[in-house]
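**Student:** Quick one: sequence plus predicted model below, questions after.
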Amino acid sequence: MSKVKGHKSVIFDLRLSTFDACLLMQEKPKVSVTRTRRDSAAKDFSFTADSIPAGGLKDVRAKAWDAFTKFSMPITTDEAWRRTDLRLLPASDFKIPKEGAFEDLPVVPESLLKPLTGEQHGGQITLLPGGSRVDLDPDLVSKGVIFTDIRTAEREHTELLNKLIGTIVKPEDGKFAALASALAGNGVLLYVPKNVQVETPLHSVLWGPGTDLAHFSHLIVYVEDGASVTYVHEAASPNEMGHAMHAGIVEIHVGKDANLRFVELQSWGRHVWNFSHERARVERGGNLDWIFGAVGSRLTKNFSDLDLAGEGSVGRMSGFYFTDGTQHLDHDTQQNHLAPHTTSDLLFKGALKGKSRSVWQGMIYVAPGAQKTDGYQANRNLILDEQARADSIPGLEILADDVRCTHGATVGKLEKEPLFYLKSRGIPQAEAERLVVEGFFDPIMQRIPFEGVRERFQQAIQDKLSVDK
Amino acid sequence: MSQLEIKNLHVSIEGKEILKGLSLTINQGEIHAIMGPNGTGKSTLAYTLMGHPNYTVTEGEIILKGQNVLELEPDERSRAGIFLAFQYPVAIPGVTVANFLRTALNARRRAVNPEDKGISILDFRKMLKERMDTLKMDHAFAGRYLNDGFSGGEKKRAEILQMATLKPEFAILDETDSGLDIDALRIVSEGVNALAGPELGVLVITHYQRLLNYIKPNFVHIMLDGRIVESGGADLALHLEEQGYDWVREKYEETAEA
């Protein structure tokens, strides 16, 4: 590990894990620039101001709508969208599910409602097209914990909600942030009061069946100073013909010396265009353990920003993705060290099959004066089929002079020799491949403290490996 | 008693012929040693027996218990009873020794009975600990990633551990002595000797005679330029140790050129 001295120095430390080292022969650091003609952009959305949900967030939403109307559809000449093309997005077809729409749509599978992190949930919220269900342990209610859907929060916690919403992710952050801010009638408010330790994990599921529908969600997680909680959020839908979309916002506040473990899993159907803007702000001495799992959707563009705002704050981001077919997953991460003695540690690992594609673009930013920070980012990709492609673009921007920042990015292929070795012990080809792929993901599994989540990822590996290209 | 029979084997790699008509028959219960100078095709023989895809058999046969081995995939060969202790075992990061061995054992059981639920974790752990004790291996070894960061000695011990677990009928040891100090060599040899017996045929491939001080062969073969040119008893190895390979080269290369 190197130490960076001096202003704006940038170092490239390709820290290869041993597995990557065994892939080295095949390794191609891929940084590709695709120049695309400024073709006709995608059709724009047909939503109108009448689509804005009524309720306690009227003013916030109206402002967001204003911001939305100023954004045009992103095109590939926009830096953040260079590798993710929306020209096939049938934006104008999408409608907002009517109240109670879920009653005529496939129901949420029981498997999604099972606890992933322990024996039982302290609370569970199910967000449905045009509806929601809420359940919270009365004991937590008595401690002042709020864990409810946005509809309820608009009625019962109007003031708090208005105070918190839009403070971390702003409508101005992008077209989809503005859209979700303006139109999300569904969502979650999690508020943990000062020094309250929530022992049982909380769970929410966003279930988005149906076609030609636009699902919006807005998650607000506010953990007060000294409090701690584990929260798992899943977004999913069945595979259906046609198109659907989701645009979501996740706003996270981790107070001083507070602790949040946040797991988000997406297994959207193959027809879903998925967009999200997420940002976590961690205050002095706070700790965030942020886990991402992505196996679904037709296309995903996810912005996840970690703002280490207070001295000594710590954030860890762990990403698991596995694509196949023609899936396209684009994760844009930002680790912002805004205060001294902050630590960030990001590891995203993905496997790709068929003609699928992943993009990971990550940036570590160290603000002036954020001395003694330690930033790490690594993205590892395993290409399982010739036509799959992974773009991995790490970046550093360092404006302090006493920091330690390292990063690495690798794209490797499944190698013949390890497979031959495993086969020579009587393990059939398919199982040998599974072992190597599981081994590849092991460093991510090691970072996940929840057996249920690890099992979910293992299942995803099995499922993905067994489907046809 | 089963038999591994290699008949007039010709093998090419990337169009270049390495094995040029090699014949050898090994019976269960016998220990054969193949010795020869570097580049003579010893490892090619080992890899070809195991079915490495880079090696093309252009002529000849390999018969195991009356079955044509050349038609089998490497995993099928393994399940049929062939084992190769690799000279350079490859690392499989993220896969523990225990997980790997259990997968390998269960693959064998499922090949016999597709409904098999696999060996119980308890039975497996007990068995693995016993095997590791025999090879003087720390039990923590089971939790390490396969060959990942292993020392030379650990790698070779791990190979013998696999052999002890999978119980082959024919084991090929490809330069198992390379990279071992004398203590490791003794432990590995003891491991092999503990497995040797009427149920196991062994083919020891080695450049040096010293391994054969520990693993006593019934037959020694000298390989040169892709063929076995001389066969004899254990004393042939001692002769080689004293005289080197030059006399073999003189005797056979000149004849070949004449």
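**Tutor:** Ah, there it is. Residues are numbered from 1 along each chain as shown, chains lettered A, B, ... in the order given.
**Student:** give the contact list for the residue of the stretch 51-200 of chain B found nearest chain A.
**Tutor:** Of all residues in the stretch 51-200 of chain B, residue B:94 sits closest to chain A, at 2.8 Å by C-beta to the nearest C-beta. Bear in mind the C-beta positions are built from the backbone N, C-alpha and C, glycine included. Counting by C-beta atoms under 8 Å, 6 or more residues apart in numbering or on different chains, residue B:94 makes contact with A:19, A:438, A:439, A:440, A:441, A:442, A:443, B:145.
**Student:** Near the second one, how many other residues are there?
**Tutor:** Read it as residue A:438. As a burial measure, residue A:438 scores 20 neighbours (other C-beta atoms under 10 Å in any protein chain shown).
**Student:** With the last one instead?
**Tutor:** Summarising burial for residue B:145: neighbours were counted as other C-beta under 10 Å, giving 20.
**Student:** hang on, it packs against residue B:91?
**Tutor:** Yes. Using C-beta atoms under 8 Å as the test, residue B:145 is close enough to residue B:91 to be in contact (7.1 Å).
**Student:** what pLDDT does residue B:186 get?
**Tutor:** Note for residue B:186: predicted pLDDT of 89.
**Student:** Surely it is within a strand?
**Tutor:** No. Secondary structure of residue B:186 (DSSP: H, G, I helix; E, B strand; the rest coil): helix, not part of a strand.
**Student:** Surely it touches residue B:213?
**Tutor:** No. Between residue B:186 and residue B:213 there is no contact under C-beta under 8 Å: 9.7 Å.
**Student:** hang on, the earlier thing: spatially, which two of the contacts of residue B:94 are the most separated?
**Tutor:** Among those, the pair separated by the greatest distance (C-beta to C-beta) is A:441 and B:145, at 13.0 Å.
**Student:** Let's check: the centremost residue of chain B is which one?
**Tutor:** Compute the mean C-alpha point of chain B, and by C-alpha atoms, centre = their mean the closest residue is residue B:172, 1.9 Å away.
**Student:** Could you list the low-pLDDT ranges of chain A?
**Tutor:** A:1-42, A:468-469 (pLDDT under 70).
**Student:** Would you mind listing what in it touches chain B?
**Tutor:** By the rule C-beta under 8 Å from any C-beta of the partner chain, the part of chain A lying against chain B is A:17-19, A:22, A:416-418, A:420-429, A:431-432, A:435-436, A:438-443.
**Student:** contacts for the helix or strand residue B:125 falls within?
**Tutor:** Assessed by DSSP states H and E, residue B:125 sits inside helix B:121-134. Outside helix B:121-134, the residues that touch it by C-beta under 8 Å, 6+ apart are B:98, B:101-102, B:105, B:119, B:138-139, B:141-142, B:161, B:164-165, B:191, B:194.
**Student:** Which positions within that helix qualify as buried?
**Tutor:** Of the residues in helix B:121-134, those buried under the neighbour-count criterion (16 or more other C-beta atoms under 10 Å in any protein chain shown) are B:124, B:127, B:128, B:131, B:132, B:134.
**Student:** what does stretch A:141-159 give?
**Tutor:** Buried residues in stretch A:141-159, counted by 16+ other C-beta under 10 Å: A:145, A:146, A:147, A:148, A:149, A:150, A:151, A:153, A:154, A:157.
**Student:** Tell me which residues are up against that stretch.
**Tutor:** Among residues not part of stretch A:141-159, those counted as contacts by C-beta under 8 Å, 6+ apart are A:55-57, A:122-123, A:125, A:127, A:132, A:134, A:136, A:140, A:160-161, A:184-193, A:196, A:198, A:202, A:218, A:229.
**Student:** Give the burial count for the closest residue to chain B within the stretch 151-300 of chain A, as a bare number.
**Tutor:** Nearest residue of the stretch 151-300 of chain A to chain B: residue A:293, at 17.3 Å (C-beta to the nearest C-beta). Close neighbours of residue A:293, defined as other C-beta under 10 Å, add up to 22.
**Student:** Let me know whether it touches residue A:455 as I believe.
**Tutor:** No. Contact criterion C-beta under 8 Å: residue A:293 and residue A:455 do not qualify, at 11.5 Å.
**Student:** Show the contacting residues for residue B:113.
**Tutor:** Neighbours of residue B:113 in contact, by C-beta under 8 Å, 6+ apart: none.
**Student:** Let me fix that, I meant to ask about residue A:221.
**Tutor:** With contact taken as C-beta under 8 Å, 6+ apart, residue A:221 is in contact with A:188, A:190, A:231, A:250, A:251, A:252, A:253, A:260, A:262.
**Student:** Helix, strand, or coil at it?
**Tutor:** Three-state assignment for residue A:221 (three-state DSSP): strand.
**Student:** Tell me the bridge partners for it.
**Tutor:** Following DSSP bridges, residue A:221 is listed with bridge partners residue A:190, residue A:252.
**Student:** how close does it get to residue A:314?
**Tutor:** Computed as C-beta to C-beta, to the nearest Å, the residue A:221 to residue A:314 distance reads 17 Å.
**Student:** Do you have the helices of chain A handy? List them.
**Tutor:** Counting by DSSP state H, residue ranges of the helices within chain A are A:18-22, A:58-70, A:110-113, A:138-142, A:150-156, A:158-164, A:175-183, A:416-423, A:429-445, A:451-466.
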